[in-house]
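Student: how would this look folded up:
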Amino acid sequence: MTEYAAPLKDMQFVLKELAGLDEIAQLPGCEEVSVELVDQILEESGRFCAEVLAPLNQSGDVEGSRWDGGKVTTPKGFVEAYKQFVEGGWNALQFPPEFGGQGLPKLVATPVMEMWKASNMAFSLCPLLTCGAIEALLLRGSDALKKAYLPKMVEGSWTGTMNLTEPQAGSDLALVKAKAVPEGANYRIHGQKIFITYGEHDLAENIIHLVLARTPDAPEGVRGISLFIVPKFLVNADGSLGKRNDVHCASIEHKLGIHASPTAVLIFGEKEGALGYLIGEENRGLEYMFIMMNAARFAVGLEGVAISDRAYQQALAYAKERVQGRDLAGGGKAVPIIRQPDVRRMLMSMKAQAEAMRALAYVVAAAMDIAHRDPDSALRTKHQAFADMMIPVVKGWSTESCIEVASTGIQVHGGVGYVEETGAAQHLRDARITTIYEGTTAIQSNDLVGRKLAREGGATAKEVLKAMRVVEGELAQAQGEDMADIRAGLAAGIKAVEESVTWIVSTYAKDPKAVHAGSVPFLKLMGIVCGGWQMARAALVAQKRLAAKEGDAAFYQAKIATTRFYADHVLAQAPGLRNTVVRGAAGVMALSEEQF
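Tutor: A predicted model of the protein is given here:
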């Protein structure tokens, strides 16, 4: 497997030129953020990921985590790597200083998280869940719970989990049966949870489970779910660890990918019941859990970005060194396969999609910072609406695309890509879960067309379309064939989104099944066009830098060429997807169940 190198140039470009790092640095609490500081953080993170996490990626996949009598052992080197991760303060980047965090904006933490995932996705899943649990506690935990749990969780010496799923309750959480029986001021938790990422492991001294359960008098359905903290080890009044709580790991799953990440079956309350502490109010657990869920969905979208870039890096390295076939221009000499047109096409498709996904994700991260920190309430509301609409796109489109990109990486390798020793196949196996966990692609797309479009009459989508039109107008003023081609591709994409949004808003109330039948194609359409919007912005910046003879000319030339490729090969799909969204329901619903 090729060594991992963080794509620092592109990360820095997107942060500064597209996501508005300078503007984010002006927000309250971000005064110490500077371009120089962020560059230092990215360079150090790249070094840590390349030297510590990446070397464990393939060996961890081969060895996997092991379960024995309720104990889980992670692969060789993971404990030591996690210790360095905590000592480096990486878990604390975006959290408040009052709990030991560094208080940096989400925009700065985002590329760092991308590096974790690209270098070792299985390892990165542990802090992913911890960060989500921290966000839920910050927003809904009592002062006592925050004081007891957040400092250690922010530090990373305690990790966190999210416990929703039960054997009979997957995406339908109305079916949750876990019980929470009051005992004084606290509760005893009884039940089983499955698919719990890092539900048991040997990396940290304590694991803080956030668990959905029902109190005895709770109403039926999702309105009767509450959220509880259930620590693996109880925490004494002085902060020290007490006795083991009544929660145990019955087994871990044997999975297609992410072998190093233990996916646990947890049993709560085999004996006296696991001691749990209510977060917020009873019967509002699902509302609180969605704080974690949104954080996790954005982070999983970053997994799509990360795996795409890592698969591209590996395919590129192989294409440069693999000599096979003759140069089509003549000469008869065997050449590296990167000189073959179709290999170029595959590499460009990987590169263009990875860069588009990264650009969109970072812009959404910046919107979340503004929504959280800006003193102007109108701006906070506007950017929160944009982030809310785009999170299912970042999650759904990026993960669906990364499966395609990882598969293309295998194709570039040819037969050796299908052989595990090269490492190309691991990217595809690891990527395959990303479209499923934290809400399948259909769950993301249903959320997008239902809650984010139909409910508000497409208001936020229409604002995004206006912003796209501004970029299209700027492209009209730009010089050169490349920019004209980019404009044509973006204009067709905007038109496809506009017509789809109009149809969804007008159709949803009278025929929701028709809308949902095309919701996944619409999500793909939104991802492709929003990615193209950001790539077009990048091309405009690159052309200005070239005209001014500023910076790295080769990088800017490549950015324009990559955006042109994206317009010709990716944005070109938009009109067809529009037709699928608007016309495709009849075919989806045509057969009776008996006819399948």
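
Student: CA atoms for contacts and neighbours, from now on please.
Tutor: Fine.

Student: Tell me where the stretch 151-300 of the chain has helices.
Tutor: Taking DSSP state H, counting those that start in this stretch to define them, one finds helices in the stretch 151-300 of the chain at 285-321.

Student: what about the strands in it?
Tutor: Using DSSP state E, counting those that start in this stretch, the strands of the stretch 151-300 of the chain run over 158-163, 179-183, 186-197, 206-213, 226-231, 233-235, 241-244, 247-252, 263-268, 274-278.

Student: elements contacting the second one?
Tutor: With contacts defined as 3 or more CA pairs under 8 Å, 6 or more residues apart in numbering; DSSP states H and E, the secondary structure elements packing on strand 179-183 are strand 186-197.

Student: what's the model's confidence in the strand it packs on, averaged?
Tutor: For strand 186-197, mean pLDDT is 97.

Student: Ok, stretch 574-584 next?
Tutor: Stretch 574-584 comes out at a mean pLDDT of 98.

Student: buried residues in it?
Tutor: 574-575, 577-582, 584 (16 or more other CA atoms under 10 Å).

Student: Is it possible to get a markdown table of the strands of the stretch 151-300 of the chain that adds mean neighbour count and distance to residue 459?
Tutor: Shown next, in a markdown table, are these (neighbours: other CA atoms under 10 Å; distance: least, CA to CA, whole Å):
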| stretch | mean neighbour count | distance to residue 459 |
| --- | --- | --- |
| strand 158-163 | 26 | 33 |
| strand 179-183 | 19 | 41 |
| strand 186-197 | 23 | 37 |
| strand 206-213 | 25 | 33 |
| strand 226-231 | 26 | 32 |
| strand 233-235 | 19 | 47 |
| strand 241-244 | 13 | 50 |
| strand 247-252 | 22 | 45 |
| strand 263-268 | 23 | 40 |
| strand 274-278 | 24 | 37 |
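
Student: What are the boundaries of the helices in the stretch 451-596 of the chain?
Tutor: For the stretch 451-596 of the chain, the helices defined by DSSP H, counting those that start in this stretch occupy 459-477, 481-507, 512-517, 519-547, 553-569, 574-583, 585-588.

Student: So what angle separates the directions of the first one and helix 519-547?
Tutor: It stands for helix 459-477. Helix 459-477 runs at 40 degrees relative to helix 519-547, counting by axes from the mean of the first three to the mean of the last three CA atoms, to 10 degrees.

Student: which residues make contact with helix 459-477 from outside it?
Tutor: Contacts with helix 459-477, where a contact means CA atoms under 8 Å, 6 or more residues apart in numbering, come from 385-386, 389, 452-453, 483-484, 486-487, 490-491, 494, 498, 501, 533, 536-537, 540.

Student: for the record, mean pLDDT for it?
Tutor: Rounded to a whole number, the mean pLDDT of helix 459-477 is 98.

Student: And for stretch 141-159?
Tutor: Average pLDDT, stretch 141-159: 97.

Student: And that stretch, what's buried?
Tutor: Going by neighbour count (16+ other CA under 10 Å), the buried part of stretch 141-159 is 141, 145-146, 148-159.

Student: From these, pick the one nearest residue 27.
Tutor: Minimum distance to residue 27 across the buried residues of stretch 141-159 is 22.2 Å, recorded for residue 154 (CA to CA).

Student: Check the residue nearest to that closest one when sequence neighbours are not counted and give its pLDDT.
Tutor: Once flanking residues are discounted, residue 154 sits nearest to residue 92: 5.2 Å by CA to CA, 6 or more residues apart in numbering. For residue 92, the pLDDT comes out at 96.

Student: Residue 92: what's it in contact with?
Tutor: Taking CA under 8 Å, 6+ apart, we find residue 92 in contact with 100-103, 154-156.

Student: which phi and psi does it have?
Tutor: Main-chain torsions, residue 92, degrees, to the nearest 10: phi -90, psi 0.

Student: likewise residue 394?
Tutor: Backbone torsions of residue 394, given as degrees, to the nearest 10, read phi -60, psi -40.

Student: List the residues that contact it.
Tutor: When contacts are counted by CA under 8 Å, 6+ apart, residue 394 touches 298, 301-302, 357, 360-361, 527.

Student: hang on, the earlier thing: using CSV, lay out the contacts of residue 92 together with distance to residue 423.
Tutor: What follows is those, written out as CSV (distance: CA to CA, whole Å):
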residue, distance to residue 423
100, 38
101, 35
102, 35
103, 36
154, 33
155, 32
156, 29
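
Student: quick one: which of the residues you listed is nearest to residue 71?
Tutor: Distance to residue 71 across the contacts of residue 92 (CA to CA) is lowest for residue 156, with 20.1 Å.

Student: Quick check: phi and psi on that closest one?
Tutor: Dihedral pair for residue 156: phi 100, psi 0, per degrees, to the nearest 10.

Student: Next, give me the two most distant ones among the contacts of residue 92.
Tutor: 103 and 156 (15.1 Å).

Student: OK, contacts around residue 119?
Tutor: Contacts of residue 119 by CA under 8 Å, 6+ apart are 4, 49-50, 53-54, 57, 310.

Student: Please repeat the previous calculation with a cut-off of 6 Å.
Tutor: 49, 53-54 (CA atoms under 6 Å, 6 or more residues apart in numbering).
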